[in-house]
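A.B. asks: Fold the stuff below for me.
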Amino acid sequence: MNILIADDEKYVRLELHSLLDELLPQANIEEVENGSQLKKRLDQGGLNMAFVDIKMPGQSGLQILREYDFKKDGTIIVILSGYSDFSFAQEAISLGVSEYMLKPVSKEELLTVITKLLTSVSFKSCENETESHLVYDAEKIIYKRYKEQIGVAQIAEELCVSPNYLSSQFKKYKKQTLTSYITDLRLNTAIEMLQLPGANVKHISESLGYQSSRHFARLFRDKLLCLAVCVPMGSRKKKAISL
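C.D. replies: Numbering: from 1, shown residues only. Model (predicted):
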């Protein structure tokens, strides 16, 4: 796998490079530090994935994405951005980039994004497997609408299959029930949101589709308990989260 990191901040490149080396030890990872170098490397082709900073000297990452047909090339683009760049990130998403990540990137978030992207690619490559396409389409709906009150029945109706069939195929390919998949996605998002200043559990629970903050809190505590039991002490987050 060929991966490119495009960012003008050296420490960002070094940190991301280190994390990618740890998560994808077989990958070939390259670095560029400005828009001109990014454009030149994209033109050469052969990239599977590129992490692109929105703002760089010369041509910005966003300018290049406006001009470059990365969809045709098949390169997966992940945008790197600061909080103040959110409006630019929204435009990048509208251009069709695969993911948007805030800097600094955490190992947990990077693992989630890589797993999601590689899973999607593997499903896309299975042109003749109807079941895998069904699961891939279900995933697309989940990532688009997981903050709404959505479950197996609504997704199955949208895909014109029975809830039982969708549930069985989803568990077959994902090794997890569809409901627990949605719950994990919501709770992983909640973990990130709770790190932000002024985070409010009630508002977060409502924004993630939970009508009851108590129900959300119970699910969240169960999630943290699972992490405490399953995750080695050295890799746990040091920052405590209070509910």
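A.B. asks: pLDDT weak spots in the chain?
C.D. replies: Applying pLDDT under 70 to the chain flags the ranges 69-73, 83-90, 92-93, 119-128, 130-132, 194-195, 199-201, 206, 209-217, 219-243.
A.B. asks: Tell me where it has strands.
C.D. replies: In order along the chain, the chain carries the following strands (DSSP state E): 2-6, 28-32, 49-53, 76-81, 99-102.
A.B. asks: looking at the ones you listed, which is buried most?
C.D. replies: strand 49-53 (a mean of 26; mean count of other CB atoms under 10 Å). Placement of C-beta: from N, CA and C, glycine included.
A.B. asks: which neighbours does that strand have in its sheet, and in what orientation?
C.D. replies: Strands adjacent to strand 49-53 in the sheet, as given by DSSP bridges, are strand 2-6 (parallel), strand 76-81 (parallel).
A.B. asks: Using TSV, lay out these together with distance to Thr115.
C.D. replies: TSV is the format used below for the strands paired with strand 49-53 (distance: least, CB to CB, whole Å):
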stretch	distance to Thr115
strand 2-6	15
strand 76-81	13
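A.B. asks: Which residue ranges make up the domains of this protein?
C.D. replies: Residue ranges for the domains of the chain, per automatic domain parsing: 2-106, 126-243.
A.B. asks: Go through those and pick out the most buried.
C.D. replies: domain 2-106 comes out most buried of the domains of the chain by mean count of other CB under 10 Å, with a mean of 17.
A.B. asks: From the chain's centroid, how far away is it?
C.D. replies: A distance of 14 Å separates the C-alpha centroid of domain 2-106 from that of its chain, computed with CA atoms, centre = their mean, to the nearest Å.
A.B. asks: what's the spacing between the spatially closest residue to Gln37 that is not a sequence neighbour and Lys116?
C.D. replies: Setting aside the residues directly before and after it, Gln37 is nearest to Ala6 in space (CB to CB, 6 or more residues apart in numbering), at 7.4 Å. From Ala6 over to Lys116 the distance is 21 Å, taken as CB to CB, to the nearest Å.
A.B. asks: Helices along this protein, start to end?
C.D. replies: If you assign secondary structure with DSSP state H, the helices in the chain sit at 10-23, 35-44, 61-67, 70-73, 86-94, 107-124, 130-145, 152-159, 163-174, 178-193, 201-207, 213-230.
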